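Chemist: Curious how this folds, go ahead:
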Amino acid sequence: MTIPIRLTLNGKPHDIDLDDPRITLLDLLRERLGLTGAKKGCDRGQCGACTVLVEGRRINSCLQLAVSLDGAEVLTIEGLSEGDALHPVQAAFIAHDGFQCGFCTPGQIMSAVGLIREGQAGTDPERIREGMSGNICRCGAYAGILEAVKDASGRMEHREDAA
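Modeler: Take a look at the predicted model:
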């Protein structure tokens, strides 16, 4: 028995038959749909490496059952850029060395995009640190991440869609 769901994934509709109602969004993305940007770090919702946006809100995809998202809009790191044009947050992470090994970077970027869209980033370092506290970087690239979020937040304030 399969359970049919429909997701709008990175702007495109996907009809998916789930063989197991216990599959998480993270496993669906990585194992069934080949979207490996979101990482399986802790698999307990503690590290943020699996962060994606669902209906514009940041979630830990390792904790979300895919079956519960029927009809939802999901944005992953793979859908963030527009062709060869990087999203402002991606460009800021590069400009400010907001990564080292890169394992947490997709989750950090998606969390930063969500934080900025929520209007919770601004340029106050403490506010950004608090807003990004659900994303862990084992390499300790926090200074670059902070500067990248501040920079992107300033740039995106002037964009009409803040996408």
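Chemist: What residues sit buried inside the least confident helix or strand in the chain by mean pLDDT?
Modeler: When each helix and strand of the chain is scored by mean pLDDT, DSSP states H and E, helix 142-157 comes last, with a mean of 92. For helix 142-157, the neighbour count (16 or more other C-beta atoms under 10 Å) marks Gly144, Ile145, Leu146, Glu147, Ala148, Val149, Lys150, Asp151, Ala152, Ser153, Met156 as buried. (Each C-beta comes from the backbone N, C-alpha and C, glycine too.)
Chemist: Can you spell out which helices and strands pack onto the host helix or strand of Ile94?
Modeler: Assigned by DSSP states H and E, Ile94 belongs to helix 88-95. Counting contacts by 3 or more C-beta pairs under 8 Å, 6 or more residues apart in numbering; DSSP states H and E, helix 88-95 is packed against helix 105-117, helix 142-157.
Chemist: Out of those, the one nearest Asp70 is which?
Modeler: The closest of those to Asp70 is helix 105-117. By C-beta to C-beta, the value is 21.4 Å.
Chemist: following the closest one, which helix or strand shows up next?
Modeler: Immediately after helix 105-117, counting by DSSP H and E, sits helix 125-131.
Chemist: tell me the mean pLDDT over that next one?
Modeler: Helix 125-131 shows a mean pLDDT of 94.
Chemist: Now do the helix holding Ile94, average pLDDT.
Modeler: Rounded mean pLDDT across helix 88-95 is 97.
Chemist: In that helix, which residues are buried?
Modeler: Buried-residue list, helix 88-95, by 16+ other C-beta under 10 Å: Pro88, Val89, Gln90, Ala91, Ala92, Phe93.
Chemist: repeat for stretch 31-45
Modeler: Leu33, Leu35, Gly37, Ala38, Lys39, Lys40, Gly41, Gly45.
Chemist: Output the helices and strands packed on helix 88-95 as CSV; include the columns distance to Leu26.
Modeler: Formatted as CSV, the entries for the helices and strands packed on helix 88-95 read as follows, by distance: least, C-beta to C-beta, whole Å:
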stretch, distance to Leu26
helix 105-117, 10
helix 142-157, 22
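Chemist: Please save the CA atoms from the helix holding Ile94 in PDB.
Modeler: Extracted in PDB, the C-alpha atoms of helix 88-95 (Å, rounded to 0.1, in the frame of the first residue of the first chain):
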ATOM      1  CA  PRO A  88      22.200  36.900  -2.000                       C
ATOM      2  CA  VAL A  89      22.700  34.700   1.100                       C
ATOM      3  CA  GLN A  90      24.800  32.200  -1.000                       C
ATOM      4  CA  ALA A  91      26.900  35.100  -2.400                       C
ATOM      5  CA  ALA A  92      27.300  36.500   1.100                       C
ATOM      6  CA  PHE A  93      28.500  33.200   2.500                       C
ATOM      7  CA  ILE A  94      31.200  33.100  -0.200                       C
ATOM      8  CA  ALA A  95      32.200  36.700   0.200                       C
END
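Chemist: I appreciate the help and will end here.
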